[in-house]
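Asker: The following block contains a protein sequence and its predicted model.
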Amino acid sequence: MIEGIARLRETDPRQLGPFRLFGVLGRGDAGSVHLGKGAPGRGGRKRAAAVRTVRPELLRDRQLRARLRRQTARIAEAVDSPFVADAFGCELDSERPWIAEAFVPGVPLSALVAAYGPLPERSVRALGGGLARALAALNAAGTAHGHLRGSNVLLTAAGPRLVGHGLALDSSGSGRRPAAPRTSSRWVPCWDWLRARGTRSREPRCPRPARTPT
């Protein structure tokens, strides 16, 4: 098993929709995030995916399920941005509801700030520019992120990437903020993008890209 990705428990699913699951990226109050691989569309190529299971009681509201389906479909069809993780699809009416998006090897902004403190001004400006482009791409598709916070901004060697779109769920199923999954990863130097924009001498690190089984 790749370091930083937990093994599947006996109670964890091995397959969700078209995605075969290989490990656990994180666990939170709203559900777990699994590393998977599969073809998002019929006849498409297999891609690494972050497949989030959602506790069924959080999706009792039919309007909430309909909103999540619409939003996932809009992002999958209309958003093509290097700053937004690709949406792969969802299944919200099954015994194990799930939402899938592209797997992004990166470190959450919240974790970077917690480890290294506030970013320098030049880095903040570069980060803000990437996030502004991500939000503009979502807005152009007629949707919104719905849950923008540090743990849903992953910093990669190529720049920031928004993940977890639309997953504002709480334990009452009212669509409010969920607890963040508790993730772990092996960090290795790969911060050319951020370092070139004014980081301090304490070089941040980001996770080594995971190699999914074939």
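Answerer: Yep, it's here. Numbers count the residues shown, from 1 in each chain.
Asker: Phi first, then psi, for Leu131.
Answerer: When read as degrees, to the nearest 10, the backbone of Leu131 gives phi -70, psi -40.
Asker: Strands along this protein, start to end?
Answerer: 15-16, 19-28, 31-38, 47-53, 87-91, 98-102, 107-108, 153-156, 159-162, 182-183, 187-188, 206-207 (DSSP state E).
Asker: Dump those strands to a markdown table, plus mean pLDDT, distance to Ala134 and mean neighbour count.
Answerer: Any C-beta I mention is one placed from the backbone N, CA and C, and that applies to glycine too. A markdown table is the format used below for those (pLDDT from 0 to 100; distance: least, C-beta to C-beta, whole Å; neighbours: other C-beta atoms under 10 Å):
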| stretch | mean pLDDT | distance to Ala134 | mean neighbour count |
| --- | --- | --- | --- |
| strand 15-16 | 96 | 26 | 18 |
| strand 19-28 | 91 | 21 | 20 |
| strand 31-38 | 93 | 20 | 23 |
| strand 47-53 | 94 | 17 | 23 |
| strand 87-91 | 93 | 13 | 22 |
| strand 98-102 | 95 | 13 | 24 |
| strand 107-108 | 88 | 15 | 21 |
| strand 153-156 | 91 | 9 | 22 |
| strand 159-162 | 92 | 5 | 23 |
| strand 182-183 | 40 | 20 | 14 |
| strand 187-188 | 39 | 23 | 14 |
| strand 206-207 | 48 | 18 | 22 |
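Asker: which stretch among these comes nearest Arg70?
Answerer: Shortest distance between Arg70 and these, using C-beta to C-beta, is found for strand 87-91: 10.4 Å.
Asker: Can you give the distance from that closest one to the centre of its chain?
Answerer: 12 Å (C-alpha atoms, centre = their mean, to the nearest Å).
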